[in-house]
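**Q** Any chance you can model this:
(2 chains)
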Amino acid sequence: MILALDILSWILLGTGTIFLLIGSVGLIRLPDFYTRMHAAGLIDTLGAGLILTGLMVEAGWSLNLAKLAMIVLFLLFTSPTSTHALAHAALVHGLKPWQSVKDDRQSHKMVGDKPSSP
Amino acid sequence: MTSSFAMVGAALLFAMALTVARAVAGPTLFDRILAANSFGTKTVLLLSILGFIAGRPHFLDLALVYALINFLGVIAALKLIKFGRFSDPDPPISA
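**A** Numbers count the residues shown, from 1 in each chain, chains lettered A, B, ... in the order given. Here you go, the predicted model:
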């Protein structure tokens, strides 16, 4: 039974780490702020969720399980909120989403700028 | 089991390095806030993992508090950007 739990937590930790790395690489490679938010969201929800669930399986029926559950619950509630607030602030501030035609410099032009190239 | 925790910890450190790279390179201010937020979440994970590696369960309390503060930090930064100040624009106190 213990071995099964170990294997399960090992699998959860592995997939959580994979998603964590995918999200981090996405944070680097994606072209625009709004696309990078997807990668950051990926890390917050899947990466953190799976890793913490793997730790919960490892912790077994104890106080640690409750603490980890609180952390997972809190992350699940606040990650979308902070991501929404960030996107809203960026849009209000005038950061235009990236169009595939234009290159990266276009993405941080402010509202009201004269379009330099068609 | 501790070896798998160590591997996850190493991956976390690598992910944190990438996040710092994005924070430094981020063209806009919001990329930097996003990187700071993501770095905070990874710190929560690293604290939990270290708690399990070192066998110290109270690290989980630190991780929980860090998650709380990280969230507040992002919201405070955004409020500062949006309103330019934390205080009330027209305080009720008359002359």
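
**Q** and stretch A:70-88, what's its mean pLDDT?
**A** On average, the pLDDT along stretch A:70-88 is 92.

**Q** ok, the nearest residue to residue A:56 once chain neighbours are set aside - how many residues close by?
**A** Spatial nearest neighbour of residue A:56, excluding adjacent residues (Cβ to Cβ, 6 or more residues apart in numbering or on different chains): residue A:68 at 4.6 Å. (C-beta placed from N, C-alpha, C; glycine too.) A count of neighbours around residue A:68, defined by other Cβ atoms under 10 Å in any protein chain shown, yields 27.

**Q** Which strand or helix spans residue A:68?
**A** helix A:63-93 (DSSP states H and E).

**Q** Mind giving me the packing neighbours of that helix?
**A** helix A:33-42, helix A:48-59, helix B:29-53, helix B:59-83 (3 or more Cβ pairs under 8 Å, 6 or more residues apart in numbering or on different chains; DSSP states H and E).

**Q** tell me the angle that helix makes with helix A:48-59.
**A** Here helix A:63-93 runs at an angle of 170 degrees relative to helix A:48-59 (axes from the mean of the first three to the mean of the last three Cα atoms, to 10 degrees).

**Q** What residues of helix A:63-93 count as buried?
**A** Buried residues in helix A:63-93, counted by 16 or more other Cβ atoms under 10 Å in any protein chain shown: A:64-65, A:67-68, A:71-72, A:74-75, A:78-79, A:82-83, A:85-87, A:89-90.

**Q** go on, stretch B:54-63?
**A** B:59, B:60, B:62, B:63.

**Q** Spatially nearest residue to the residue positioned nearest the centre of chain A, not counting backbone neighbours?
**A** Nearest residue to the geometric centre of chain A (Cα atoms, centre = their mean): residue A:41, 2.4 Å. Leaving aside its chain neighbours, residue A:41 sits nearest to residue A:83 (5.5 Å; criterion: Cβ to Cβ, 6+ apart).
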